[in-house]
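Student: Sharing a model that was predicted from the sequence below.
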Amino acid sequence: MEYLALEYVFGQMGLHKLYCEVLAFNEAVIKLHQKFGFRVEGVFHQHHSIDGKYVDIYRLGLLAPEWSSIRNNLYAKLSETQTGR
């Protein structure tokens with residue numbers, strides 16, 4: 001799904017940059033985005049309150065040229081996963 005979303009925003013929509021913000025404890029999502037080329041651009045320390053505790057928020061970003069340089073390799077890896085090779 002992430003691959004298709006990135007193809008859409010950079011291909012169809014023509015965006016130059018896509019960014020997201022992820023709660024620090026959601027490490028699986030941070031790692032997922034990084035697998036698709038996102039880089040950590042910054043951390044907002046104690047930025048959001050959840051149940052009376054402040055948590056950090058990670059900001060990740062990906063530029064269209066970066067996506068363009070890795071998309072074919074990622075597609076090949078995803079295709080291998082689907083076909084079981």
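Tutor: Ah, there it is. Keep in mind it's a predicted model, so treat the numbers as computed, not measured. Residues are numbered from 1 along each chain as shown.
Student: Give me the nearest residue to F38, chain neighbours excluded.
Tutor: In space, F38 comes closest to L60 once its chain neighbours are excluded; the distance is 4.1 Å by CB to CB, 6 or more residues apart in numbering. The way it works is simple: take the backbone N, C-alpha and C, and place the C-beta from them, glycine included.
Student: Report whether the one you found is found in a helix, as I expect.
Tutor: No: counting by DSSP: H, G, I helix; E, B strand; the rest coil, L60 is not part of a helix but strand.
Student: I'd like the distance between it and Q82.
Tutor: 26 Å (CB to CB, to the nearest Å).
Student: Pick out whichever of these two has more residues nearby.
Tutor: Between L60 and Q82, counting by other CB atoms under 10 Å, L60 is the more crowded of the two (20 against 8).
Student: ok now do the more buried one, which residues does it touch?
Tutor: Counting by CB atoms under 8 Å, 6 or more residues apart in numbering, L60 touches 19-22, 30, 33-34, 38-41.
Student: Can you select the buried ones among those for me in ChimeraX?
Tutor: Command for ChimeraX, covering only those of those found buried under the criterion 16 or more other CB atoms under 10 Å:
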select :22,30,33,38
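Student: Looking at the contacts of L60, spot the one nearest W67.
Tutor: F38 (9.6 Å; CB to CB).
Student: Looks like that closest one contacts L63 (just checking).
Tutor: No: look at F38 against L63 with CB atoms under 8 Å: they stay out of range, at 9.9 Å.
Student: host element of the most centrally placed residue in the chain?
Tutor: Closest residue to the average C-alpha location of the chain: H33 at 2.8 Å, with CA atoms, centre = their mean. Assigned by DSSP states H and E, H33 falls within helix 27-35.
Student: Can you tell me the strand partners of the helix or strand following that helix and which way each runs?
Tutor: Next helix or strand after helix 27-35 toward the C-terminus (DSSP H and E): strand 39-50. Neighbouring strands of strand 39-50 in its sheet, by DSSP bridges, are strand 53-63 (antiparallel).
Student: In the partner strand, which residues are buried?
Tutor: Buried residues in strand 53-63 (16+ other CB under 10 Å): 55, 57-63.
Student: packing partners for the biggest helix by length in the chain?
Tutor: When the chain is parsed with DSSP state H, its longest helix is helix 64-83. On a contact count with 3 or more CB pairs under 8 Å, 6 or more residues apart in numbering; DSSP states H and E, helix 64-83 meets helix 2-7.
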